[in-house]
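Student: Coordinates only, no sequence provided:
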């Protein structure tokens, strides 16, 4: 049997019936399972910041921002929460607010006339009709943070734990 680099591994060093690939794979799998909750939690934070910046930017757009905000408060509580969080981030770091506003402007520019004409259906229109790739990504990503948080919780509950066979109990 050969290692990935070509160095031969004596068969007597491996458990009976196991190959080198199984041994390497189990180490990588164990390490990945160990850090998976942390990776998912980091992705959750990044996705939440992204959504907060986008929706706060959409709520601050001139002309359509107020209709987006009112519609979110009325019809989309998750988007309203992202808007509130993004406004707080924008106050702390104004450059982030500008980034979110530019993303929202690119995504919602094709819908500006329709949203100004009928402001009561802003969330229905934004989530219903596909305007461009940026808008599709933002609207499909609304549910990404809760899903990532749920996956992080499941991964944390199923994480590998250290097993102590012998020793005194802590009191």
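Tutor: Cool, the structure landed. As the structure is a computational prediction, the values presented were derived from the model and not from experiment.

Student: Report pLDDT for residue 122.
Tutor: Per-residue confidence (pLDDT) for residue 122: 82.

Student: what about it, helix or strand, and which?
Tutor: For residue 122, the host element (DSSP states H and E) is helix 122-128.

Student: Just the mean pLDDT for the very next helix or strand once past that helix, thanks.
Tutor: Per DSSP H and E, the first helix or strand lying C-terminal to helix 122-128 is helix 133-140. For helix 133-140, mean pLDDT is 86.

Student: Contact partners for the closest residue to residue 69 other than its chain neighbours?
Tutor: Distance criterion C-beta to C-beta, 6 or more residues apart in numbering; nearest residue to residue 69, sequence neighbours excluded, is residue 59 at 4.3 Å. C-betas here are computed from N, CA, C, even on glycine. Residues in contact with residue 59 (C-beta atoms under 8 Å, 6 or more residues apart in numbering) are 65-66, 68-69, 72, 83, 86-87.

Student: which of the residues in the helix holding residue 122 are buried?
Tutor: Of the residues in helix 122-128, 122-123, 125-127 count as buried by neighbour count, 16 or more other C-beta atoms under 10 Å.

Student: Packing partners of that helix?
Tutor: helix 65-75, helix 112-117, helix 133-140 (3 or more C-beta pairs under 8 Å, 6 or more residues apart in numbering; DSSP states H and E).

Student: Off-centre distance for that helix?
Tutor: 22 Å (C-alpha atoms, centre = their mean, to the nearest Å).

Student: Now do that helix: everything it contacts.
Tutor: Residues outside helix 122-128 that contact it (C-beta under 8 Å, 6+ apart) are 58, 64, 67-68, 70-72, 74-76, 79, 108, 111, 114-115, 118, 135, 139.

Student: ok, now with 10 Å
Tutor: Residues outside helix 122-128 that contact it (C-beta atoms under 10 Å, 6 or more residues apart in numbering) are 58, 64-76, 79-80, 107-108, 111, 114-116, 118-119, 121, 131, 135, 138-140, 142.

Student: Same question for stretch 79-91.
Tutor: 48-60, 65, 68-74, 76, 96-101, 104, 123, 126-127, 138-139, 141-142, 145.

Student: run the last query once more with 7 Å
Tutor: With C-beta atoms under 7 Å, 6 or more residues apart in numbering as the test, stretch 79-91 has contacts from 49, 51-53, 55-57, 59, 69, 72-73, 96-97, 100, 123, 142.
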